[in-house]
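Asks: take a look and give me a structure for this.
(chains A and B)
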Amino acid sequence: MHIKTEAAERHTLAVIVDNEPGILARIAGLFTARGYNIESLTVSEITEDKAVSRITIVTSASPPVMEQIMAQLDRLVPVHRVTDLTVAGEHVERELALVKVAGIGDKRIEAMRLAEVYRGRVVDATTSSFVFEVTGGRDKIDKFVELMAEVGLVEVARTGIVAISRGREAA
Amino acid sequence: MTEQSGADILVEALCDLGVEVVFGYPGGAVLPIYDALFRSGRIKHILVRHEQAATHAAEGYARSTGKPGVVLVTSGPGATNAVTGITDALMDSIPMVVITGQVPTALIGTDAFQEADTVGITRHCSKHNYLVKDPAKLGAIIHEAFHIATKGRPGPVVVDIPKDVQVATAAYTKPGAIQHKTYRPQVKADRAAIEQVVDMLAAAERPVLYTGGGIINSGPAASQMLAELARLTGAPVTSTLMGLGCFPASSPQFLGMLGMHGTYEANMAMNQADLVVAIGARFDDRVTGRLDAFSPNSRKVHIDIDRSSINKTVRIDLPIVADAGHAMEDMVRIWKSRQHPKPDTREWWSRIAEWRAVACLSFPEVGNDIMPQRAIRALWEATHARQPIITTEVGQHQMWAAQHFGFELPNKWLTSGGLGTMGYGLPAAIGAQLGNPNALVIDIAGEASIQMNIQELATATQYRLPVKIFILNNQYMGMVRQWQELTYSSRYAESYSESLPDFVKLGEAYGWKGIRIETRDQLDAGIADMLAYDGPVIVDCMVSQLTNCFPMIPSGAAHTDMILQANEVSGTMDDEAKALV
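Replies: Residues are numbered from 1 along each chain as shown, chains lettered A, B, ... in the order given. Just a heads-up that it's a prediction; the model follows:
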């Protein structure tokens, strides 16, 4: 016998929660306990009184499992609302990466030129290294990191996806 | 405003919430609370002999009374011992509030003596949990905990209170009605959906009402609504293990339990139905059998208070998020206002009559051996007029009790359904007896399960609780052995109950009356002796050793593939079937 796996689709969820201790563990634990997948998870306070946080989760699941993920998140006591941005309509996704590159000579110049193409900003520099800040969709950052690998990539820090719906209404 | 200690705030809040009984066990991190309970004298504390039993006793109390059960245990091992019962209450949707002591705030995270990460450990086995760091918030949190435990789909809520928070002082005022900022379960159904299900029921030729524990959780009025709905529609009714008692077993419209050890007629009716209306039931794997063969030609309506139960495993045509009782009340009202005639289901009932004629619960009897089914029926004969509360452990005896003991009323059948916790029955019986002092409470047990919380014999003795334990002793972990016969060519790996105690002497050692029944001609007299004794009794009923529980749908099989009798059993299974629970 072999274990079977199901075809999955990628979804981006916005989860508005009470900013109480353990909320992140509660959400992340729900995903592990029920065998759901997390590709990326970001969290930050979004109100002045720091009482409410917005968690952006990128997950992949088959449509019935996706429906379960929404329902399971929604029944957690501290959850205000859950929105599947992928289903709700058009939305914008962004990720920020800090990319450290070391090198001298041609490689250093090439790294600088590529960063310009990708609208990367230099946020730290020494005579033999740069730290670039790049923002964009996941694919753009993946591609930039891939290119940097050829010109002296040292390490990468990425924020994970944040997302918001297009238009004037809250999702 | 005068300030009082966190421990006193807790006790006062519990009193304000109407708590009469707390099941618990003291320890270092809850000493201030125990002292506050002692000084207050307003709440009865039941001292169990193991914290797991406190949780099951609270469950038994809750299931039999409809009120939330309350547990008080210390930090570390007190809390971890309670985890099984907390998980059990989560799986079976039982309202329960568990108060755990914790090491002082400053010591949290230092691996202090009897420290455990209680909120971390219970996060995914509770409906919600709290770590209280400020005594000023304690009162409100206790009220909120009861609100969450009892509203919507009920469940266990854990409140972890560090020792310094129990000692520090703050003001407490009884809060008003709770309007929770995020937790607002939907109780009333969407009217259009109710109209639709009424239309579907009126038009159905082969309807089945598939009823579950949600009806019992909704309260006795929901059972009355179900009776009315069944009367109006003429539809057959089947119940899950958790739903037994929500519809009278003596009704000609009752098909018995469905699922793995359900009746032939219930499972065949589910398979052949053109409309299944699930009410407060959750399409558990023990109910559905093989999913792609489950009720293949029916439209399915699912009424459940928990949206996440809908479409979890079975695709639903009409989902209705609502309390079962409210939804049925609306259905009955709309049915009547439209003056629907009772549908003509004669052809459907004639097919059901053919399935019933199979007599799937019949069993052979030879010699003077006691068949376990006979023991359950004899117990029912002798007690049903007194409307007893029956608890069980987990295994063959549990399924025989579900099959052969007919329940007429809700809140009389207390069993660990979702988690399947051996050791549930005795403490649950203790809790039920406390909540129903005049009721006859019987734990139908197996000789293996009963040993998992056998220490609770002392609790019943201490509080003069006249609970009865009726052990079906076949000297095997019978359900394990049954599966080994079905799946592993009868290789009985560790399923023989070796070195059993003498249960009669054991009971006597704890101050109980002990009775042994060894042959069929002793059965009725033994049960009569048990009932005649005004105090706790343990009955060791020696039953036929190798009898198995049928009918049965083997794991991974369809409802139509029931094994009706032992001679249909094969000796092994393929890996796909072996991998299923």
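Asks: spatially nearest residue to residue 89 (excluding sequence neighbours)?
Replies: No chain specified, so I'll use chain A. residue A:165 (6.0 Å; C-beta to C-beta, 6 or more residues apart in numbering or on different chains). Any C-beta I mention is one placed from the backbone N, CA and C, and that applies to glycine too.
Asks: oops, chain B please
Replies: residue B:156 (4.0 Å).
Asks: dump the residue contacts of that neighbour.
Replies: Counting by C-beta atoms under 8 Å, 6 or more residues apart in numbering or on different chains, residue B:156 touches B:55, B:85-86, B:89-90, B:94-98, B:125-127, B:149.
Asks: for the residue nearest to residue A:89, what are its contacts?
Replies: Counted by C-beta under 8 Å, 6+ apart, residue A:165 has contacts A:83, A:85, A:88-92, A:171.
Asks: just the buried ones from the residues you listed?
Replies: A:83, A:85, A:91, A:171 (16 or more other C-beta atoms under 10 Å in any protein chain shown).
Asks: tell me the one among these nearest to residue B:402.
Replies: Distance to residue B:402 across those (C-beta to C-beta) is lowest for residue A:83, with 42.7 Å.
Asks: beta partners of the closest one?
Replies: Legend: beta-bridge partners of residue A:83 under DSSP bridges are residue A:14.
Asks: and the gap between residue B:459 and residue B:540?
Replies: Residue B:459 sits 20 Å away from residue B:540, going by C-beta to C-beta, to the nearest Å.
Asks: which phi and psi does the residue nearest to residue A:89 have?
Replies: phi -80, psi 150 (degrees, to the nearest 10).
Asks: confidence score at it?
Replies: At residue A:165 the predicted local confidence, pLDDT, stands at 95.
Asks: next: residue B:204.
Replies: As predicted, residue B:204 sits at a pLDDT of 97.
Asks: tally of neighbours for it?
Replies: A count of neighbours around residue B:204, defined by other C-beta atoms under 10 Å in any protein chain shown, yields 21.
Asks: before we move on, what about residue B:300?
Replies: By the criterion of other C-beta under 10 Å, residue B:300 has 22 neighbours.
Asks: how close does it sit to chain A?
Replies: Separation of residue B:300 from chain A (C-beta to the nearest C-beta, to the nearest Å): 14 Å.
Asks: flag every buried residue along stretch A:6-22.
Replies: By neighbour count with 16+ other C-beta under 10 Å, stretch A:6-22 contains the buried residues A:11-17, A:19.
Asks: and that stretch, end to end?
Replies: End-to-end span of stretch A:6-22 (C-alpha to C-alpha, to the nearest Å): 31 Å.
Asks: which pLDDT does the model give residue B:571?
Replies: Taking residue B:571 on its own, its pLDDT is 68.
Asks: which single residue in the stretch 351-500 of chain B comes nearest to chain A?
Replies: Nearest residue of the stretch 351-500 of chain B to chain A, counting by C-beta to the nearest C-beta: residue B:487, 13.8 Å away.
Asks: burial of that residue, as a residue count?
Replies: 19.
Asks: and the buried ones among the contacts of residue A:165, which two are furthest apart?
Replies: A:83 and A:91 (9.3 Å).
Asks: how about the residues of chain A near chain B?
Replies: With C-beta under 8 Å from any C-beta of the partner chain as the criterion, chain A meets chain B at residues A:1, A:18, A:21-22, A:25-26, A:29-30, A:33, A:64, A:67-68, A:71-72, A:74-75, A:77-80.
Asks: quick one: the strands in chain A?
Replies: A:9-18, A:40-45, A:52-61, A:79-84, A:91-102, A:121-126, A:129-136, A:153-158, A:162-165 (DSSP state E).
Asks: pLDDT of the longest one, averaged?
Replies: Per-residue pLDDT values across strand A:91-102 average out to 97.
Asks: packing partners of whichever strand or helix holds residue B:479?
Replies: Using DSSP states H and E, residue B:479 maps to helix B:478-487. On a contact count with 3 or more C-beta pairs under 8 Å, 6 or more residues apart in numbering or on different chains; DSSP states H and E, helix B:478-487 meets helix B:396-404.
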